[in-house]
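Asks: got a structure for you, letters missing:
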(Lines give C-alpha, C1' and ligand atoms only; values in the text may rest on other atoms or scores of the structure.)
Protein backbone atom coordinates (compact mmCIF):
# COMPACT_ATOMS: atom_id res chain seq x y z
CA UNK A 1 0.00 0.00 0.00
CA UNK A 2 2.86 2.41 0.82
CA UNK A 3 4.50 1.54 -2.49
CA UNK A 4 1.28 2.27 -4.45
CA UNK A 5 0.89 5.55 -2.61
CA UNK A 6 4.43 6.67 -3.43
CA UNK A 7 3.98 5.88 -7.15
CA UNK A 8 0.75 7.82 -7.24
CA UNK A 9 2.40 10.74 -5.52
CA UNK A 10 5.26 10.70 -8.02
CA UNK A 11 2.82 10.67 -10.93
CA UNK A 12 0.94 13.59 -9.45
CA UNK A 13 4.16 15.58 -9.05
CA UNK A 14 5.09 14.78 -12.65
CA UNK A 15 1.73 16.04 -13.92
CA UNK A 16 2.10 19.17 -11.81
CA UNK A 17 5.50 19.73 -13.36
CA UNK A 18 4.16 19.27 -16.87
CA UNK A 19 1.30 21.64 -16.11
CA UNK A 20 3.86 24.21 -15.03
CA UNK A 21 5.83 23.72 -18.23
CA UNK A 22 2.73 24.00 -20.39
CA UNK A 23 1.71 27.17 -18.57
CA UNK A 24 5.20 28.61 -19.06
CA UNK A 25 5.14 27.69 -22.76
CA UNK A 26 1.74 29.31 -23.20
CA UNK A 27 2.91 32.43 -21.41
CA UNK A 28 6.14 32.56 -23.44
CA UNK A 29 4.48 31.65 -26.75
CA UNK A 30 4.10 35.30 -27.91
CA UNK A 31 7.76 35.91 -27.04
CA UNK A 32 8.77 32.73 -28.90
CA UNK A 33 6.84 33.78 -32.01
CA UNK A 34 8.36 37.26 -31.79
CA UNK A 35 11.86 35.79 -31.43
CA UNK A 36 11.35 33.59 -34.52
CA UNK A 37 10.10 36.62 -36.45
CA UNK A 38 13.14 38.61 -35.34
CA UNK A 39 15.48 35.87 -36.61
CA UNK A 40 13.64 35.77 -39.96
CA UNK A 41 13.74 39.57 -40.29
CA UNK A 42 17.45 39.74 -39.47
CA UNK A 43 18.13 36.96 -41.97
CA UNK A 44 16.67 39.05 -44.78
CA UNK A 45 18.35 42.18 -43.40
CA UNK A 46 21.70 40.34 -43.50
CA UNK A 47 21.09 39.29 -47.09
CA UNK A 48 20.07 42.81 -48.10
CA UNK A 49 23.05 44.49 -46.43
CA UNK A 50 25.35 41.90 -48.00
CA UNK A 51 23.99 42.68 -51.48
CA UNK A 52 24.30 46.45 -50.88
CA UNK A 53 27.92 46.09 -49.78
CA UNK A 54 28.69 43.90 -52.79
CA UNK A 55 27.07 46.38 -55.16
CA UNK A 56 28.37 49.72 -53.89
CA UNK A 57 31.42 49.18 -51.67
CA UNK A 58 33.05 45.81 -52.22
CA UNK A 59 33.25 46.33 -55.99
CA UNK A 60 35.95 48.88 -55.31
CA UNK A 61 38.12 46.05 -53.96
CA UNK A 62 39.96 44.42 -56.84
CA UNK A 63 40.41 41.00 -55.22
CA UNK A 64 37.35 38.77 -55.45
CA UNK A 65 38.51 36.65 -52.52
CA UNK A 66 38.52 39.67 -50.18
CA UNK A 67 35.02 40.59 -51.35
CA UNK A 68 33.76 37.09 -50.51
CA UNK A 69 35.36 37.07 -47.04
CA UNK A 70 34.00 40.52 -46.10
CA UNK A 71 30.50 39.76 -47.39
CA UNK A 72 30.37 36.53 -45.38
CA UNK A 73 31.54 38.34 -42.23
CA UNK A 74 28.83 40.99 -42.71
CA UNK A 75 26.17 38.31 -43.14
CA UNK A 76 27.25 36.37 -40.02
CA UNK A 77 27.47 39.58 -37.95
CA UNK A 78 23.84 40.52 -38.62
CA UNK A 79 22.66 36.97 -37.95
CA UNK A 80 24.41 37.04 -34.55
CA UNK A 81 22.84 40.42 -33.73
CA UNK A 82 19.40 38.98 -34.47
CA UNK A 83 20.18 35.90 -32.36
CA UNK A 84 21.13 37.98 -29.30
CA UNK A 85 18.04 40.20 -29.67
CA UNK A 86 15.86 37.08 -29.90
CA UNK A 87 17.39 35.75 -26.68
CA UNK A 88 16.58 39.07 -25.00
CA UNK A 89 12.97 38.88 -26.18
CA UNK A 90 12.74 35.37 -24.74
CA UNK A 91 14.08 36.79 -21.46
CA UNK A 92 16.99 34.40 -21.61
CA UNK A 93 19.56 36.93 -20.52
CA UNK A 94 20.98 34.47 -18.02
CA UNK A 95 21.38 31.92 -20.79
CA UNK A 96 23.19 34.55 -22.87
CA UNK A 97 25.51 35.30 -19.95
CA UNK A 98 26.20 31.60 -19.52
CA UNK A 99 26.90 31.25 -23.25
CA UNK A 100 29.39 34.12 -23.19
CA UNK A 101 31.01 32.81 -20.01
CA UNK A 102 31.42 29.34 -21.46
CA UNK A 103 32.61 30.61 -24.84
CA UNK A 104 36.19 30.76 -23.64
CA UNK A 105 36.22 27.16 -22.42
CA UNK A 106 34.40 25.91 -25.51
CA UNK A 107 36.68 27.94 -27.76
CA UNK A 108 39.75 26.38 -26.15
CA UNK A 109 38.34 22.86 -26.56
CA UNK A 110 37.30 23.52 -30.15
CA UNK A 111 40.67 25.07 -30.91
CA UNK A 112 42.50 21.99 -29.68
CA UNK A 113 40.16 19.63 -31.53
CA UNK A 114 40.14 21.57 -34.79
CA UNK A 115 43.71 22.73 -35.12
CA UNK A 116 43.82 21.76 -38.80
CA UNK A 117 40.55 23.52 -39.61
CA UNK A 118 41.57 26.70 -37.80
CA UNK A 119 44.93 26.60 -39.55
CA UNK A 120 43.10 26.42 -42.87
CA UNK A 121 40.85 29.32 -41.85
CA UNK A 122 43.77 31.58 -40.94
CA UNK A 123 45.47 30.45 -44.14
CA UNK A 124 42.35 31.49 -46.08
CA UNK A 125 42.46 34.95 -44.49
CA UNK A 126 46.13 35.29 -45.40
CA UNK A 127 45.51 34.21 -48.99
CA UNK A 128 42.46 36.47 -49.35
CA UNK A 129 44.45 39.58 -48.43
CA UNK A 130 47.60 38.53 -50.29
CA UNK A 131 48.13 41.16 -53.03
CA UNK A 132 50.11 38.79 -55.26
CA UNK A 133 47.36 36.17 -55.54
CA UNK A 134 44.00 36.89 -57.16
CA UNK A 135 41.10 35.00 -58.68
CA UNK A 136 41.87 33.86 -62.28
CA UNK A 137 45.64 34.09 -61.77
CA UNK A 138 47.62 31.27 -63.38
CA UNK A 139 49.90 29.71 -60.77
CA UNK A 140 52.14 26.67 -60.36
CA UNK A 141 52.78 24.82 -57.10
CA UNK A 142 55.04 21.86 -56.43
CA UNK A 143 52.46 19.42 -57.76
CA UNK A 144 49.90 21.27 -59.91
CA UNK A 145 49.38 24.15 -62.34
CA UNK A 146 46.10 25.97 -62.85
CA UNK A 147 43.92 29.07 -62.63
CA UNK A 148 42.78 30.25 -59.19
CA UNK A 149 39.05 29.56 -59.19
CA UNK A 150 38.14 30.09 -55.52
CA UNK A 151 39.74 31.11 -52.23
CA UNK A 152 37.69 30.18 -49.16
CA UNK A 153 38.35 29.90 -45.44
CA UNK A 154 39.10 26.21 -45.90
CA UNK A 155 40.87 25.68 -49.21
CA UNK A 156 42.00 27.14 -52.51
CA UNK A 157 40.56 25.70 -55.72
CA UNK A 158 42.64 25.56 -58.91
CA UNK A 159 41.25 24.85 -62.37
CA UNK A 160 43.85 22.92 -64.33
CA UNK A 161 44.35 23.45 -68.10
CA UNK A 162 42.48 20.15 -68.69
CA UNK A 163 39.45 21.76 -66.93
CA UNK A 164 39.68 19.49 -63.87
CA UNK A 165 39.66 21.11 -60.44
CA UNK A 166 42.23 20.61 -57.69
CA UNK A 167 41.34 21.47 -54.08
CA UNK A 168 44.31 22.34 -51.85
CA UNK A 169 43.93 22.95 -48.07
CA UNK A 170 45.01 26.49 -47.21
CA UNK A 171 47.48 25.36 -44.55
CA UNK A 172 49.42 23.27 -47.09
CA UNK A 173 49.30 25.94 -49.76
CA UNK A 174 50.52 28.75 -47.47
CA UNK A 175 53.47 26.68 -46.21
CA UNK A 176 54.78 25.96 -49.75
CA UNK A 177 56.14 28.18 -52.48
CA UNK A 178 54.27 28.85 -55.73
CA UNK A 179 54.87 30.66 -59.02
CA UNK A 180 52.33 33.22 -60.21
CA UNK A 181 52.67 33.64 -63.98
CA UNK A 182 49.99 36.35 -64.06
CA UNK A 183 52.05 38.88 -62.10
CA UNK A 184 54.28 39.59 -65.09
CA UNK A 185 53.01 39.77 -68.67
CA UNK A 186 56.46 39.14 -70.11
CA UNK A 187 58.44 35.93 -69.66
CA UNK A 188 61.58 34.49 -71.19
CA UNK A 189 61.51 31.03 -72.77
CA UNK A 190 64.23 28.80 -74.22
CA UNK A 191 64.27 26.61 -77.33
CA UNK A 192 67.02 24.01 -77.82
CA UNK A 193 68.25 22.30 -80.99
CA UNK A 194 71.36 20.76 -82.54
CA UNK A 195 73.28 21.10 -85.83
CA UNK A 196 75.72 18.80 -87.59
CA UNK A 197 79.44 18.95 -86.93
CA UNK A 198 80.05 20.11 -90.51
CA UNK A 199 77.95 23.28 -89.97
CA UNK A 200 79.35 26.81 -89.90
CA UNK A 201 78.59 27.70 -86.28
CA UNK A 202 78.71 31.47 -86.79
CA UNK A 203 76.23 31.16 -89.65
CA UNK A 204 73.94 29.08 -87.44
CA UNK A 205 74.08 31.63 -84.64
CA UNK A 206 73.45 34.62 -86.90
CA UNK A 207 70.55 32.88 -88.65
CA UNK A 208 68.78 31.82 -85.45
CA UNK A 209 69.14 35.27 -83.85
CA UNK A 210 67.81 36.90 -87.04
CA UNK A 211 64.82 34.51 -87.24
CA UNK A 212 63.78 34.98 -83.62
CA UNK A 213 64.29 38.76 -83.63
CA UNK A 214 62.13 39.22 -86.74
CA UNK A 215 59.24 37.05 -85.51
CA UNK A 216 59.18 37.74 -81.75
CA UNK A 217 59.10 41.37 -80.66
CA UNK A 218 61.70 42.16 -78.02
CA UNK A 219 60.93 45.25 -75.96
CA UNK A 220 63.31 47.69 -74.30
CA UNK A 221 65.80 45.89 -72.09
CA UNK A 222 65.06 42.55 -73.78
CA UNK A 223 67.13 40.70 -76.37
CA UNK A 224 67.49 37.38 -78.13
CA UNK A 225 70.27 35.28 -76.59
CA UNK A 226 72.09 32.40 -78.26
CA UNK A 227 74.44 29.87 -76.66
CA UNK A 228 76.09 26.70 -77.91
CA UNK A 229 75.72 24.31 -74.98
CA UNK A 230 77.60 21.06 -75.72
CA UNK A 231 79.22 18.64 -78.13
CA UNK A 232 76.58 15.95 -78.46
CA UNK A 233 76.94 12.41 -79.77
CA UNK A 234 75.86 13.39 -83.27
CA UNK A 235 75.38 17.19 -83.09
CA UNK A 236 76.58 20.44 -81.61
CA UNK A 237 73.68 21.56 -79.42
CA UNK A 238 72.57 25.13 -78.84
CA UNK A 239 69.93 27.08 -76.92
CA UNK A 240 68.23 30.35 -77.81
CA UNK A 241 66.33 32.44 -75.26
CA UNK A 242 63.85 35.23 -76.00
CA UNK A 243 60.96 37.13 -74.42
CA UNK A 244 57.24 36.65 -75.08
CA UNK A 245 53.87 37.78 -73.72
CA UNK A 246 52.88 35.05 -71.29
CA UNK A 247 50.40 34.81 -68.42
CA UNK A 248 49.55 31.11 -68.85
CA UNK A 249 51.25 27.97 -70.10
CA UNK A 250 49.30 27.79 -73.39
CA UNK A 251 51.08 30.92 -74.63
CA UNK A 252 54.45 29.35 -73.88
CA UNK A 253 53.56 26.20 -75.82
CA UNK A 254 52.25 28.24 -78.77
CA UNK A 255 55.35 30.42 -79.04
CA UNK A 256 57.72 27.45 -78.64
CA UNK A 257 55.77 25.67 -81.40
CA UNK A 258 56.15 28.71 -83.67
CA UNK A 259 59.90 29.07 -82.99
CA UNK A 260 60.62 25.39 -83.71
CA UNK A 261 58.80 25.55 -87.06
CA UNK A 262 60.66 28.74 -88.06
CA UNK A 263 64.07 27.30 -87.14
CA UNK A 264 63.43 24.04 -89.02
CA UNK A 265 62.14 25.72 -92.20
CA UNK A 266 65.02 28.22 -92.33
CA UNK A 267 67.63 25.53 -91.67
CA UNK A 268 66.19 23.55 -94.60
CA UNK A 269 66.45 26.61 -96.88
CA UNK A 270 70.10 27.22 -95.94
CA UNK A 271 71.12 23.58 -96.06
CA UNK A 272 71.87 23.33 -92.33
CA UNK A 273 71.54 19.78 -91.10
CA UNK A 274 69.72 18.87 -87.88
CA UNK A 275 71.13 15.38 -87.27
CA UNK A 276 69.42 12.62 -85.40
CA UNK A 277 71.08 9.78 -83.45
CA UNK A 278 72.16 6.85 -85.62
CA UNK A 279 72.80 3.38 -84.21
CA UNK A 280 75.16 1.12 -86.17
CA UNK A 281 74.85 -2.63 -85.70
CA UNK A 282 78.25 -4.34 -86.06
CA UNK A 283 78.23 -8.09 -86.70
CA UNK A 284 81.84 -9.05 -85.99
CA UNK A 285 83.74 -12.03 -87.44
CA UNK A 286 83.83 -13.71 -84.04
CA UNK A 287 80.05 -13.87 -84.02
CA UNK A 288 80.05 -15.45 -87.45
CA UNK A 289 82.63 -18.03 -86.38
CA UNK A 290 80.50 -19.05 -83.40
CA UNK A 291 77.53 -19.51 -85.67
CA UNK A 292 79.60 -21.60 -88.06
CA UNK A 293 80.95 -23.75 -85.24
CA UNK A 294 77.46 -24.32 -83.91
CA UNK A 295 76.20 -25.30 -87.32
CA UNK A 296 79.09 -27.77 -87.86
CA UNK A 297 78.30 -29.52 -84.63
CA UNK A 298 74.78 -30.13 -85.80
CA UNK A 299 75.99 -31.92 -88.94
CA UNK A 300 75.98 -35.76 -88.84
CA UNK A 301 79.37 -37.49 -88.88
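Replies: Everything's here; your move. Quick caveat, the model's predicted, so the values are computed rather than measured. Numbers count the residues shown, from 1 in each chain.

Asks: which residues sit against stretch 189-196?
Replies: Stretch 189-196 has contacts (Cβ atoms under 8 Å, 6 or more residues apart in numbering) with 201, 204, 229, 232, 234-242, 244, 246, 252, 255-256, 259-260, 263, 267, 272-275. No exception for glycine: its C-beta is placed from N, CA and C like everyone else's.

Asks: mind running it again at 6 Å?
Replies: Applying Cβ atoms under 6 Å, 6 or more residues apart in numbering, the external contacts of stretch 189-196 come out as 204, 232, 235-237, 239-241, 252, 256, 259, 272-273, 275.

Asks: same thing with stretch 156-166?
Replies: Defining contact as Cβ under 6 Å, 6+ apart, one finds that stretch 156-166 is touched by 144, 146-147, 149-150, 167-168, 173.

Asks: end to end, how far does stretch 170-183 reach?
Replies: One end of stretch 170-183 to the other measures 21 Å (Cα to Cα, to the nearest Å).

Asks: what's the average pLDDT for that stretch?
Replies: Taken as a whole, stretch 170-183 has an average pLDDT of 79.

Asks: in it, what's buried?
Replies: For stretch 170-183, the neighbour count (16 or more other Cβ atoms under 10 Å) marks 170-174, 178, 180-182 as buried.

Asks: turn the residues you listed into JSON lines, columns for distance to residue 136 and secondary structure.
Replies: Formatted as JSON lines, these follow (distance: Cβ to Cβ, whole Å; DSSP: H, G, I helix; E, B strand; the rest coil):
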{"residue": "170", "distance to residue 136": "18", "secondary structure": "helix"}
{"residue": "171", "distance to residue 136": "23", "secondary structure": "helix"}
{"residue": "172", "distance to residue 136": "22", "secondary structure": "helix"}
{"residue": "173", "distance to residue 136": "17", "secondary structure": "helix"}
{"residue": "174", "distance to residue 136": "20", "secondary structure": "helix"}
{"residue": "178", "distance to residue 136": "15", "secondary structure": "coil"}
{"residue": "180", "distance to residue 136": "11", "secondary structure": "strand"}
{"residue": "181", "distance to residue 136": "12", "secondary structure": "coil"}
{"residue": "182", "distance to residue 136": "8", "secondary structure": "coil"}
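
Asks: and which of those residues is nearest to residue 223?
Replies: Relative to residue 223, the closest of the buried residues of stretch 170-183 is residue 181; by Cβ to Cβ it sits at 21.5 Å.

Asks: so the closest one versus residue 255, what's the distance?
Replies: Look at residue 181 and residue 255: by Cβ to Cβ, to the nearest Å, they are 14 Å apart.

Asks: got it, and residue 89?
Replies: Taken as Cβ to Cβ, the span from residue 89 to residue 255 is 67 Å.

Asks: before we move on, the earlier item: using JSON lines, lay out the buried residues of stretch 170-183 together with distance to residue 135.
Replies: Shown next, in JSON lines, are these (distance: Cβ to Cβ, whole Å):
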{"residue": "170", "distance to residue 135": "15"}
{"residue": "171", "distance to residue 135": "20"}
{"residue": "172", "distance to residue 135": "19"}
{"residue": "173", "distance to residue 135": "15"}
{"residue": "174", "distance to residue 135": "17"}
{"residue": "178", "distance to residue 135": "15"}
{"residue": "180", "distance to residue 135": "12"}
{"residue": "181", "distance to residue 135": "15"}
{"residue": "182", "distance to residue 135": "10"}
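
Asks: nearest to residue 217 among these?
Replies: Closest to residue 217, out of all of those and judged by Cβ to Cβ, is residue 181, at 19.2 Å.

Asks: in space, what's closest to residue 273 - neighbours in sequence excluded?
Replies: In this structure, residue 273 finds its nearest non-sequential neighbour in residue 196, 3.9 Å apart by Cβ to Cβ, 6 or more residues apart in numbering.

Asks: same check on residue 228?
Replies: Of all residues not flanking residue 228 in the chain, residue 238 sits nearest, at 4.7 Å (Cβ to Cβ, 6+ apart).

Asks: and that neighbour, that one's in a helix?
Replies: No - checked against DSSP: H, G, I helix; E, B strand; the rest coil, residue 238 lies outside a helix; its state is strand.

Asks: all helices of the stretch 101-250 of the chain, in order?
Replies: Using DSSP state H, counting those that start in this stretch, the helices of the stretch 101-250 of the chain run over residues 115-128, 170-175, 201-215, 249-269.
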